[in-house]
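Peer 1: Make a model of this:
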Amino acid sequence: MWHLVGQSGRRWFYAPRALLSALPVKGIVGRMFLGEYQHLIDDKSRLTIPAKFREALAKGCVITRGFEKNLIIYTTKEFGELIKRSHQMSATDPESRDLKRFIFAGASEASPDKSGRVLIPPALRTHAALESEVFVIGVGQQIEVWSKTGWEEQLAKMNDPEANSRRFAALNLSTGS
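Peer 2: The predicted structure is shown next:
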């Protein structure tokens, strides 16, 4: 069934529904971690990864400290890119060295088990003050893990209308020509 109208150059055309999956935006979104999920850490310190994220992490992931008392989970590919960028940082700059220590010293490789769970090491769990109830947040190329309290505080900050006005202005989301 033909239903999608598209434009290629100056010529308009009708396309089948199946073409939607091939469109660039659909492809970009398909490679992103999106959404907010409430999960539990079990008594063995294992976090169940949301089902939508599991395929991307099937080959392994790296869990490290986040910048705001949270954790960041990277795919191994994304963490490899982070390593490459870190090699470009100056070894003589104290701030660069501190950032490398912050990210890499706390990093832990993980692979989801058959139930989609990853082990959260004690030091990382302490860093983010994670108890049993946590929030798993998709933020594009990585996943964040927050304590319930930490995520509620973050939401309060994110829901400030004046701050959001400044944030969105910086993105220049105007649709004008």
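Peer 1: can I assume residue 114 sits in a helix?
Peer 2: No. Under DSSP: H, G, I helix; E, B strand; the rest coil, residue 114 sits outside any helix and is assigned coil.
Peer 1: who's in contact with it?
Peer 2: Residue 114 makes contact with no residue under the criterion CB atoms under 8 Å, 6 or more residues apart in numbering. Quick note: C-beta positions are derived from backbone N, CA and C, even for glycine.
Peer 1: ditto for residue 173
Peer 2: Counting by CB under 8 Å, 6+ apart, residue 173 has no contacts.
Peer 1: now swap in residue 64 and tell me
Peer 2: Applying CB under 8 Å, 6+ apart to residue 64 gives the contacts 71, 72, 74, 103, 104, 106, 107, 108, 124.
Peer 1: Verify the stated contact: residue 72 with residue 140.
Peer 2: No. Look at residue 72 against residue 140 with CB atoms under 8 Å: they stay out of range, at 11.3 Å.
Peer 1: Between these two, point out the one with more neighbours.
Peer 2: Between residue 72 and residue 140, counted using other CB atoms under 10 Å, the more crowded position is residue 72 (25 against 11).
Peer 1: What is the burial count for the closest residue to that one other than its chain neighbours?
Peer 2: Distances taken as CB to CB, 6 or more residues apart in numbering place residue 66 nearest to residue 72, at 4.6 Å, with adjacent residues excluded. Neighbours of residue 66 under the rule other CB under 10 Å: 22.
Peer 1: same thing with the one 10 residues further on?
Peer 2: Here the count is done by other CB under 10 Å, and residue 76 has 14 residues near it.
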